[in-house]
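Trainee: give me a 3D structure for the following:
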Amino acid sequence: MKRTWVNETARSLPPSGIRRFFDLVAEMKGVISLGVGEPDFVTPWHVREACVFSLEKGYTMYTSNFGLLELREEIARDLQENYQVEYNPCNQILVTVGVSEALDLALRALIEPGDEVIIADPCYVSYKPCTIMAGGVPVEVPTKPENGFRPSVEDIEKHITNKTKVLLLCYPNNPTGAIMDRTSAEAIAALANKYNLFVISDEIYAHLTYDGKHICLASLPGMVERTLLLNGFSKAYAMTGWRLGYAAGPADVIAAMTKIHQYTMLCAPITAQKAAIEALRNGAVERERMVDQYNQRRRVIVSGLNRIGLPCVEPKGAFYAFPSITGTGMSSEEFCEALLKEEKVAVVPGNAFGKTGEGYIRCSYASSIDKIKEALNRMERFLNNRRKAAL
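Mentor: Numbers count the residues shown, from 1 in each chain. This is a model prediction of the structure:
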């Protein structure tokens, strides 16, 4: 009898819906991609220069498992200055290989087999698979456009059972661009305290907030001791390929995460850490310049999508628009595949981010305004051709 080598959990995981469309795009010429969640800016020169200088000085060794203390001190200062939340850089901050690793470590450190993790849906593609790989059970709470794609306390409470342990949130949100207002954040904080839930708060897009100021969940009363804050450098500082993130939270949780980290990853690259120190110290001007550009692009793409007949709730953070395509009569995947084939515009089907995402597409506006305008022209032609064919 032939033996099955791959374990059941790995076999049952679906491939990333985002990556499938990346593979299709790679095989075609002349494609305008609004699919990649990656800044089109190059990492600012002074940040790259800090990396080059560190190499010239011979910084090619391992660091502490926690990461360079100098970097952790800068992270602690940044969080205090921006969000008025205090962390001890010695034992409450862990530098990771991107926020993706931080999320994986967090779930593995927190979850016992069978524990339930409440996840606002639609959500980033790795949340549910990482929960399953940690032995947990993902519990999806649908969000609605009329609520700004924020989960209501009532909806969350309906899904809480005696097995619920973690509430996993991402605001500003990928894929919807939603932000968490203070009223909603305070209500969720009260709920977490009421039911003794631990919160993992993915705030990688915190600096990309266009309407008001980002609300850091850990800064709310009673939350710093029950919240793990995840953040990094990929989005705000155009450092995606540097693969550098961090987790900040209670010392016992960080210690557990660090044990897993030291056996699987050991430490983040020292050159990336040296560059991140420079980004935190001197990168605010370039960061705000990029945010201003995203804001301009946001206005162009949202008005354009609404104009061509794809209703879009205004995203107030991150760099994604999440328009509805239900009026076309196509599923999200049918729409994306046909648009790519007929007009060479790549967007991501909403169902890649969960069941609630069906009927939507994700359009990244981390691209030039010229490319966004051309993509909108092609999308309009695509929709007009579909309408004519239906007559």
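
Trainee: burial measure for the residue nearest to G309 when sequence neighbours are not counted, as a count.
Mentor: In space, and not counting its chain neighbours, G309 is closest to L383: 5.9 Å by Cβ to Cβ, 6 or more residues apart in numbering. The C-beta positions use only the backbone N, C-alpha and C, and glycine is treated the same way. Applying other Cβ atoms under 10 Å, we find 19 other residues in the vicinity of L383.

Trainee: can I take it that L383 is in a strand?
Mentor: No - counting by DSSP: H, G, I helix; E, B strand; the rest coil, L383 falls outside a strand, being helix.

Trainee: give me the distance between it and V42.
Mentor: From L383 across to V42, the span is 34 Å (Cβ to Cβ, to the nearest Å).

Trainee: the strands in the stretch 101-250 of the chain, which residues?
Mentor: For the stretch 101-250 of the chain, the strands defined by DSSP state E, counting those that start in this stretch occupy 116-121, 137-142, 164-170, 198-202, 227-232, 245-248.

Trainee: can those strands go into a markdown table with extra columns for distance to Q293?
Mentor: Formatted as a markdown table, those follow (distance: least, Cβ to Cβ, whole Å):
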| stretch | distance to Q293 |
| --- | --- |
| strand 116-121 | 28 |
| strand 137-142 | 33 |
| strand 164-170 | 23 |
| strand 198-202 | 23 |
| strand 227-232 | 20 |
| strand 245-248 | 23 |
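
Trainee: and those strands as JSON lines, adding distance to I308 and mean pLDDT?
Mentor: Output for the strands of the stretch 101-250 of the chain, formatted as JSON lines (distance: least, Cβ to Cβ, whole Å; pLDDT from 0 to 100):
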{"stretch": "strand 116-121", "distance to I308": "27", "mean pLDDT": "97"}
{"stretch": "strand 137-142", "distance to I308": "27", "mean pLDDT": "97"}
{"stretch": "strand 164-170", "distance to I308": "28", "mean pLDDT": "98"}
{"stretch": "strand 198-202", "distance to I308": "31", "mean pLDDT": "98"}
{"stretch": "strand 227-232", "distance to I308": "34", "mean pLDDT": "98"}
{"stretch": "strand 245-248", "distance to I308": "36", "mean pLDDT": "98"}
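
Trainee: nearest to A366, out of the ones you listed?
Mentor: A366 sits nearest to strand 227-232 of all the strands of the stretch 101-250 of the chain, at 15.6 Å, using Cβ to Cβ.

Trainee: which other residues reach stretch 177-190?
Mentor: Contacting residues not belonging to stretch 177-190 are listed as 143, 148-151, 153, 156, 167, 169, 171-173, 199, 209, 211-212, 214-215, 217, 220-223, 313-322 [Cβ atoms under 8 Å, 6 or more residues apart in numbering].
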